[in-house]
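Q: quick check, what structure comes out for this input:
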Amino acid sequence: MTDRWQPSRAGIINVWRYYDEIFTFHQGRLLLRGPNGTGKSKALELLLPYLFDANLRPHRLSTFGSADRTMHWNLMGEGNQGSTRVGYVWLEFQHGDEWFTCGARLQATTNTSNVIATYFTTSLRVGDLALVNEAGRPLTKTDLVAAIGEHGVVHASPADYRHTVRTTLFPGVTEQRYDSLITALLQLRTPKLSERLDPSVLSSLLSRALPPLDQSDLTEIAEGFERLDRQREELRRLDEEIITAERLAEIQRTYAQRVLGAAAHALSSSSERLEDLTRAARMSERRYQRQVTLADEAFEQLAALGREASAVDAEIAGISDLPAYQEGKQLDLLRQQHSAAVQRAAEAAAHAAKLRARAVADEEHAAQAKSDAAARADDVRHSALEAREAAERAGMSSVFEEIDATTVDTKTGARASRQLLSDAVDARSAEISAIMRAVAVHERAIDARDAARQRLDETHEELELATDAEAAAQQAFEQAFAKFGADFETWAHGCSELRVSEHGEVSEAAALAREEFSAIEARLHETRTALNGQLAQYNSIREKLANQVDVPPPAPYTRDAAYRSSAVGAPLWRLVNFRPGTPPDVCAAVEAALEASGLLDAWLTPGNSFGLSDQDRFAEPLLAAPAPGTTLLEVLVTDDDRAHRFLEGIAFGETATGHTAAIGADGTWRLANVHGSWTKPFPTYIGADSRRRARAGRIAELTGLIEQLATDLAGVDAALSQIAVRRATLAGELARQPSTDPVEIAEEQRTKAQLRCAARKDAVASATRQVSEAETAVAETLRMVNGEVSVNPHAVAAFRTAGHRWLDDRHDAFAAEAAAAEAMNRSSVSNALADEAEEAASARQQEAADVAITLETVERSAGSEFHALDQQLITLRAKALELAEQRETLQDKQTSLARTLGTLEEKRKVDTSRATEAAAVRDAAEARYRHLTSGHLPADAGDVPEGPVDARLIRDAETRLGLAVHQAQQQLAGRIDLSLEPDDDVAVLSATLDGARMGAHALLVALQTERDRMRTHITDAERDLFDQTLTGDTRRHIAQRIQGAAELVDTMNQRLERVQTASGIRVQLVWQVDPQLPPGTREARDLLLRSDLDAEERAVLHQFFRERVEEARAHDTATGWEQQLAQVLDYTTWHQFVVKVDRGDGWVPVTKRVHGALSGGEKAIVLHLPLFAAAAAHYQATPTAPRLILLDEVFVGVDATNRGQLLELLVAFDLDLVLTSDHEWCDYRELTGIAIHQLTTGTDGDDAVTTVRFTWDGHSLKADD
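A: As a prediction, this is how the structure comes out:
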């Protein structure tokens, strides 16, 4: 006997073709042996791991994992004729003197495909617990509850049942580990398991066998990460606010720059204008004052000159009146006449000299013009000769002669000559150009024909190459398609979820499978919701019962519910008890009769009950006379006197007697002329023990219902998990399906080759057409060339040039001749005028000489006194003349000064007014600029560009700002208030953040500062969390788990070393870091095992976990942090199991190729050994748990020696076995003992499966009696 739970028996009642069969284990081991069709695999499906799993999903039941045979079919199929069928399956375990039986009641009808499963657990053994009634029919659920009583529970749900089984048989095992165990058992139960090796699945099964990470350590860290998530969400919202603020600040910056730029420009321009106008006003003032001074000085000067002129005039008058002067007065007149004659003679001489100079110049000009005309005539003769020769070379002599005949003395004739030359030359040039173009077209046609012929040769060569490539591509495609077909057929045969025969069916089959999964999941979720509702209801009732000491009989609705809570007295069932020794069936019948008659719950008061509430039932002894013969005191006892007298008044017998009040031992009763009968299996109210058992039974019944519901929930959860497994299987199958890439690539290459070949064919046809078209073009262009060009086109161009030069020279010669004639005429006229002027000048000189002679004669006759006065008078008159000129000049100056002074005065007033206005404008601009720069605009604007700003740009920026503020208000609402208020002709943007008013730039800076601070906080907090993870209990726990797992693997390998096949094959497990994971995984794992980490090593761990966390968040953002951290810190996912095999030439990993090269027996050994080790590892954490291994079609293909070694390993692992085989007896010395049930079926039409039991004790095989 072992110190743990061990399977002892199992049974199947009325399921499939098992009608009442019990399988008895030996040393916890059982072999179901029989030919195919006898139901050995069916028994395994019905018992294990179903009775651990409580999951009716067909693929969980079927050893093949298929959905062909449901539990409904197991009950109603195989020719079952009834409309309803009920059966039982059960398992019994023993642990020392303790027993534990778990089972399921299964009910199905033809009306539905569902199966009602009622799960139970009990400490009773089947036998002591009858699962069929006396008629051999399976118990109803009510009878089952009654049969189990206080010795177990009929569970309310599969989840409760699973929980009870798990906590009883596998204490300390979590639901996740429990599910992993069941998955491992299902995998092991697969028939011919060795033929379905998948290294990844094997590694997963082995990994799940390792001890898991404790979830409790992760809760606090998960809460920290959840806080960080909330802060990151706030940071994300803050980033969105910053983007909005940046956009708003940018638009505000443009607007502020334009507003401040305009204001600054207005200030600077007004200041400059003020400075200019002020300077102009000062200059006007200075000019005005200087002009006033000049006017005053001119006035004084003019007055002085007037006084001086008056004195000179008086002196002249005085001299003129003297008698001495009067005598020589004629001399003065002659002197004046002489002066005038001299002046006239001088003017005539000057005029004659001027005319003579002009005549000389005209004569020289005429001579030059005559010389020029002669030169131009020579040029005309020369250019005419060149033009004639050019015309002859161009074949256009007639044109020259025609032009030469035209006149040049008129503009019309000159234009006609030029037009005639241009038209003739243009016509000739066009004729030559047309012929030259035809020749060029013909030459190009010849070139095109030659190129087309060459291209045709090239396309023929390309077509040959393309044809060869097409043939090769076609062959490659056929090979790729054949290989894909073979690979697809192999893959399709290996699929379990997909049933397809053609590649085109895969997508539809996968979609149907997913639809099936989705439909199943929907139904399961609905079922789960309903089960949770029932579970809550039953828990509430059970909790209420648990808090009650005694459970009274149900109260009739006629009773005042509140009366008994305060009434004096007690009900009859509380005051009496059964007399010791009374048979249990009599006790039950008496209580049933009392309850049916209403006497059981009748209320007894200490005194009489007359006058009390009429809403209750009272037992009043005063109304009863003692019954004759035997009374209820025969079976009931009481310490209460009134109850004693009451019982004395009720007769008792084997059946109710004829007394007024009587109770029978068979459950009959009589009250006056009312009588009846009722029975119950056991008393529930009379006696404390009965009440306790009844309450416990009801609680047990409710507990059973609750556990059944829990089992059902667990089944639903398991079914959901299985759907997830099936989804993963489907995904794996889809991922492993042969790629169509080679076929598609080959087909694409073939298509490309075909297209290239077709293109080459088209190119050949096109080239052929082009050659034909080129030949035609050559012929046509040849006809367009009517003959050779007789004249060089350059000769025509030369004639054009020479002709125009000739015409230009002819025009110039004509113009020069006319100019020479005109110059000769002008020279003749000039000489005549000069001669006349010279004669006039000579006459004037003679006149002056005559006056001079007269003056000289008179002067000789005048006296000396007159000469003195005359000389004085000449001086005074010169001075008077000078003073008059000075006065005239001063008067003109005074007039000019007066006009200028008026102008300057007006300008002075205007400039002063303008300066005053400019000062006001400047002051306003300065005040406005100070006002604008006193707010947020300078910070919002930043650097303000210089120069003028167009008002339209400001209005445009203001419009854009208004739109931006409107959008930002919607995006920043709730935290930041934005306002755009008018300030004169400017809109002022303000933002209010946390009560502080600021501009757009300050808002952006505040938000960015807050973001940076939050980022720093998040980074620090995240580092603190990682530090907590890397330095706290979590790190130590992970390290312990890794070290424990490594030790567990070492233990597995120590056991595996004992097994070596006859051919020398050994198996070993290697637990290593998964090479598919990032390179830093191994380093991080090694660092986790150390406690003395430096800063650099800690940084490596930080980086590793941060990357894993980010990957987990990226792959699944729906789960909580606790689940994600469990995933990130799950050390089993960092590792993989590699099964290695040694065939005598060293250890090599078991791949599909290596596995496929092994014999059938070797395959089974190589696969079963690590699975046995995994199962043993599952059980190692729970020493008291049963250690079951399920093997269908055990060790197929393995020779006897190796089977013995495998069984020896199972014994070494202390594993309990449930095996099936059609030939194996397991009679190996390595096996210390096992029970063999040989399954047989009837030969006379009876389809029932029965068994014959044998026992192998390690030495001999014995049949049971």
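Q: same for the strand or helix carrying Asp809, what does it pack against?
A: Using DSSP states H and E, Asp809 sits in helix 793-861. With contacts taken as 3 or more C-beta pairs under 8 Å, 6 or more residues apart in numbering; DSSP states H and E, helix 793-861 sits against helix 329-394, helix 397-404, helix 411-493. Yep, even glycine has a C-beta here, placed from its N, CA and C like the rest.
Q: what about Gly942, neighbour count?
A: Neighbour count for Gly942, taken as other C-beta atoms under 10 Å: 12.
Q: that one touches Arg253, doesn't it?
A: Yes: between Gly942 and Arg253 there is a contact under C-beta atoms under 8 Å: 6.1 Å.
Q: which neighbours do the two share?
A: Jointly contacting Gly942 and Arg253 under the rule C-beta atoms under 8 Å, 6 or more residues apart in numbering are His1001.
Q: show me where pLDDT drops low in the stretch 551-700 of the chain?
A: The model of the stretch 551-700 of the chain has pLDDT under 70 over residues 551, 561-562, 565-566, 609-615, 622.
Q: helices along that one, start to end?
A: 563-566, 572-575, 584-597, 641-648, 688-736 (DSSP state H, counting those that start in this stretch).
Q: for the stretch 1051-1200 of the chain, same thing?
A: For the stretch 1051-1200 of the chain, helices defined by DSSP H, counting those that start in this stretch occupy the ranges 1080-1088, 1095-1115, 1121-1128, 1152-1156, 1160-1180, 1200-1212.
Q: the host helix or strand of Thr889 versus helix 329-394: what angle between them?
A: If you go by DSSP H and E, Thr889 is part of helix 864-933. On the basis of axes from the mean of the first three to the mean of the last three C-alpha atoms, to 10 degrees, helix 864-933 is oriented at 50 degrees to helix 329-394.
Q: what helices and strands are in contact with helix 864-933?
A: By 3+ C-beta pairs under 8 Å, 6+ apart, helix 864-933 packs against helix 218-320, helix 323-327, helix 329-394.
Q: which one, of the ones you listed, ends up nearest to Ala688?
A: Nearest of the helices and strands packed on helix 864-933 to Ala688, taken as C-beta to C-beta: helix 218-320 at 46.0 Å.
Q: could you count how many residues lie near Asp128?
A: 12.
Q: actually Asp712, not the one I typed
A: 30.
Q: low-confidence ranges in the stretch 151-300 of the chain?
A: The low-confidence ranges in the stretch 151-300 of the chain, as defined by pLDDT under 70, are 192-202, 204-205, 208-209, 211-221.
Q: export the helices and strands packed on helix 864-933 to a markdown table and append columns for distance to Ser203 and mean neighbour count.
A: Below are those laid out as a markdown table (distance: least, C-beta to C-beta, whole Å; neighbours: other C-beta atoms under 10 Å):
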| stretch | distance to Ser203 | mean neighbour count |
| --- | --- | --- |
| helix 218-320 | 25 | 17 |
| helix 323-327 | 158 | 13 |
| helix 329-394 | 102 | 17 |
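Q: of all the ones you listed, which lies closest to Thr895?
A: helix 218-320 (9.5 Å).
Q: that closest one packs against which elements?
A: helix 864-933, helix 937-941, helix 951-972, strand 986-993, helix 1000-1031, helix 1121-1128.
Q: who are the packing partners of the helix or strand hosting Gly87?
A: Element membership for Gly87, per DSSP H and E: strand 84-95. Applying 3+ C-beta pairs under 8 Å, 6+ apart, we find strand 84-95 packed against strand 6-13, helix 40-47, helix 50-53, helix 71-76, strand 98-109.
Q: now distance to His931, mean pLDDT and mean neighbour count too, for these, in CSV please.
A: Compiled in CSV, these are given as follows (distance: least, C-beta to C-beta, whole Å; pLDDT from 0 to 100; neighbours: other C-beta atoms under 10 Å):
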stretch, distance to His931, mean pLDDT, mean neighbour count
strand 6-13, 96, 96, 23
helix 40-47, 92, 90, 24
helix 50-53, 84, 92, 23
helix 71-76, 89, 88, 21
strand 98-109, 90, 95, 22
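Q: redo these as TSV? Include distance to Ala451.
A: Converted to TSV, these look like this (distance: least, C-beta to C-beta, whole Å):
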stretch	distance to Ala451
strand 6-13	93
helix 40-47	82
helix 50-53	83
helix 71-76	82
strand 98-109	89
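Q: quick one, which of those gets closest to Arg166.
A: Proximity to Arg166 (C-beta to C-beta) singles out helix 50-53 among the helices and strands packed on strand 84-95, at 8.2 Å.
Q: would you mind identifying the next helix or strand past the closest one?
A: That would be, after helix 50-53 and using DSSP H and E, helix 58-61.
Q: which neighbouring elements make contact with that next one?
A: Checking 3+ C-beta pairs under 8 Å, 6+ apart, helix 58-61 ends up next to helix 50-53, helix 688-736.
Q: tell me who's in contact with the closest residue in space to Arg453 that isn't next to it in sequence.
A: Excluding its sequence neighbours, the residue lying closest to Arg453 (C-beta to C-beta, 6 or more residues apart in numbering) is Val771, at 5.6 Å. Residues counted as contacts of Val771 (C-beta under 8 Å, 6+ apart) are 449, 452-453, 456.
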